[in-house]
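> Return atomic coordinates for the entry below.
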Amino acid sequence: MKVFQWIILCLALSAVWVGCSRSINIESIDYDTLSEAELNEIIETGLIAWRMPGAIAGGAACVQCHAPDGIDLAKLNYSNFTIRRRGSGHAAPGIETLNASKLEDIVNMIQALQVKYSFDSVDPREWIPFQPGELPIEGQSNKERDAEFGGFLKDIGLILFIDWFDKEEDAHQQAEKLAEINLFDMPVGIRMNLWSEDPYYSSSAGMLGDWLPLAPIRPSGSREYLFNELQFAYTANAGIKELSELLSFVSKSDFTTQAGSLDFLSYSKYKAQLIAQHSFRLSGEKGEQGSNSIEEILSDLNRTDPGIGNPFWDIGQFFADSPTIEELNLPESHIRRLTGETFQDLALPWLWLGWMADPGFQFTECAPDTNCVAILSDQLTEHELHYHRMFMQSKAAVEGRYQ
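Residues are numbered from 1 along each chain as shown. Here you go, the predicted model:
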């Protein structure tokens, strides 16, 4: 009798899984054979679930931490298993929430996005967005990595800073060399951040420094309605204007919750990942390869609205200022991973990325009693990256001179 009851229960649960949603598990379909219209239909269905309130943070939706349409999960090639595993903690009971069957709509949507944008396969546990030269310089210490970087500069004939100005012709030649260097192509001894540190695979304190907000972006009252409308506008036509309006809205939101400094960090991370996912989108669009530079995107955004600034730098500056754990109001699961040096260690990758996105510091604000070059220089000195520091100072000087 007990066996019979167990079978009935399993059948009932299966019916609920399928019945709570109009979605059908189409995992067995070859997505590469679907038309653009069919892919878009799957994506639109998934977006409904993507925007639904879930079981965490008082009903936060996926869209309040991730890209407006989940393209970040598609770019990083999250497996169906990983999406289900990580999404299960967000699933809630009820028809109007992200229930278990609606999660299947998101699984299908991510697969459709991968095909639509022709993304190359990467491993989210290893691939680092915007890592210069794709991989960091290897070495046992920062000193070793810095020496390797210095050797690379010598090999390309770059003389740093002090010796330039013996002859005007030499200085001009060196300035031209520096101006031509693409910071995103040049390997450095600084390891950038993963998109999302996964507790399933890692207990790293880097979870605090990855790209995703620690608290969902949820403007209060009528502003939440406006936030949703801007999300809809961006997914309908993902252009710089729509992205700028979304970023401007987030930039002007008040940090009035009891999360303290964590709000500023979360909002800054959310803005940074919006720019990053826009870059993913451009790099994946057929016929538009190479248009994914966050330097170009940041420049275009600030021309549209100068108030957007440089959120990558803002995150680095936040960590460099070393807030206390009490100010962050972190959950216990994160506090256990932190050490006294964690915040300083997390500052450098974001500051370097902020500089790569704005090498002339056109859109980056620093405190009146200091300047951006000094902030990054100090960080590099503390980490024993002296060739990196001289290169950064020289490149920043050239970029500033030729604005």
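> For Gln393, see how far away the residue nearest to Val122 when sequence neighbours are not counted is.
Computed as CB to CB, 6 or more residues apart in numbering, the closest residue to Val122 that is not its neighbour in sequence is Asn77, at 5.3 Å. All C-beta atoms are positioned from the backbone trio N, CA, C, and that covers glycine. Between Asn77 and Gln393 the computed distance is 38 Å (CB to CB, to the nearest Å).
> So which residue is smack in the middle of the protein?
Gln273 (3.5 Å; CA atoms, centre = their mean).
> which residues touch that residue?
By CB atoms under 8 Å, 6 or more residues apart in numbering, the residues touching Gln273 are His66, Ala67, Asp72, Trp211, Leu212, Pro213.
> any idea how far Thr235 is from the residue nearest to the third one when sequence neighbours are not counted?
Distance criterion CB to CB, 6+ apart; nearest residue to Asp72, sequence neighbours excluded, is Gln277 at 4.9 Å. The gap separating Gln277 from Thr235 is 11 Å, by CB to CB.
> so what sits against both of those two?
In contact with both Gln277 and Thr235: Pro68, using CB under 8 Å, 6+ apart.
> Please, which helix or strand holds Leu262?
helix 261-284 (DSSP states H and E).
> Could you export that helix as CSV, keeping only the C-alpha atoms?
Provided in CSV are the C-alpha atoms of helix 261-284 (Å, rounded to 0.1, in the frame of the first residue of the first chain):
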residue,chain,number,x,y,z
SER,A,261,27.3,50.4,2.4
LEU,A,262,26.2,47.1,0.8
ASP,A,263,23.6,49.1,-1.2
PHE,A,264,26.3,51.2,-2.9
LEU,A,265,28.4,48.1,-3.7
SER,A,266,25.4,46.2,-5.1
TYR,A,267,24.1,49.1,-7.2
SER,A,268,27.7,49.7,-8.5
LYS,A,269,28.1,46.0,-9.4
TYR,A,270,24.7,46.0,-11.1
LYS,A,271,25.7,49.0,-13.3
ALA,A,272,29.1,47.3,-14.1
GLN,A,273,27.4,44.1,-15.1
LEU,A,274,24.9,45.9,-17.3
ILE,A,275,27.8,47.4,-19.3
ALA,A,276,29.5,44.0,-19.4
GLN,A,277,26.4,42.1,-20.6
HIS,A,278,25.9,44.7,-23.3
SER,A,279,29.4,44.0,-24.4
PHE,A,280,28.7,40.2,-24.4
ARG,A,281,25.6,41.0,-26.6
LEU,A,282,27.6,43.0,-29.1
SER,A,283,30.3,40.4,-29.4
GLY,A,284,27.8,37.7,-30.1
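> what comes up buried for the helix or strand hosting Asn302?
Element membership of Asn302, judged by DSSP H and E, is helix 294-304. Counting neighbours by 16 or more other CB atoms under 10 Å, one finds that the buried residues in helix 294-304 are Ile294, Glu295, Ile297, Leu298, Ser299, Leu301, Asn302, Thr304.
> Turn those residues into a markdown table, columns for distance to Asp345.
Conversion of the buried residues of helix 294-304 to a markdown table gives the following (distance: CB to CB, whole Å):
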| residue | distance to Asp345 |
| --- | --- |
| Ile294 | 23 |
| Glu295 | 25 |
| Ile297 | 27 |
| Leu298 | 25 |
| Ser299 | 29 |
| Leu301 | 29 |
| Asn302 | 29 |
| Thr304 | 34 |
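> Turn those into CSV, including distance to Gly94 and pLDDT.
Formatted as CSV, those follow (distance: CB to CB, whole Å; pLDDT from 0 to 100):
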residue, distance to Gly94, pLDDT
Ile294, 39, 93
Glu295, 44, 94
Ile297, 38, 96
Leu298, 40, 96
Ser299, 45, 95
Leu301, 38, 96
Asn302, 42, 95
Thr304, 40, 94
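> how close does Pro93 get to Pro216?
Between Pro93 and Pro216 the computed distance is 20 Å (CB to CB).
> now Tyr117
Tyr117 is 25 Å from Pro216, where distance means CB to CB.
> what does Phe152 give?
42 Å.
> on that earlier part again, neighbour count: Gln277 and Thr235, which is higher?
Using other CB atoms under 10 Å as the criterion, Gln277 and Thr235 rank with Gln277 on top: 25 against 20.
> Can you give me the pLDDT of the more buried one?
Per-residue confidence at Gln277 stands at 96 (pLDDT).
> Likewise for Leu351?
If you check Leu351, the pLDDT there is 97.
> going forward can the numbers begin at 19, since that is how I track them
Done: numbering now begins at 19, and the last item shifts to Leu369.
> other SSEs contacting the next helix or strand after the helix holding Asn320?
Next in sequence after helix 312-322, counting helices and strands by DSSP H and E, comes helix 329-338. Contact here means 3 or more CB pairs under 8 Å, 6 or more residues apart in numbering; DSSP states H and E; on that basis helix 329-338 packs against helix 279-302, helix 360-375, helix 390-400.
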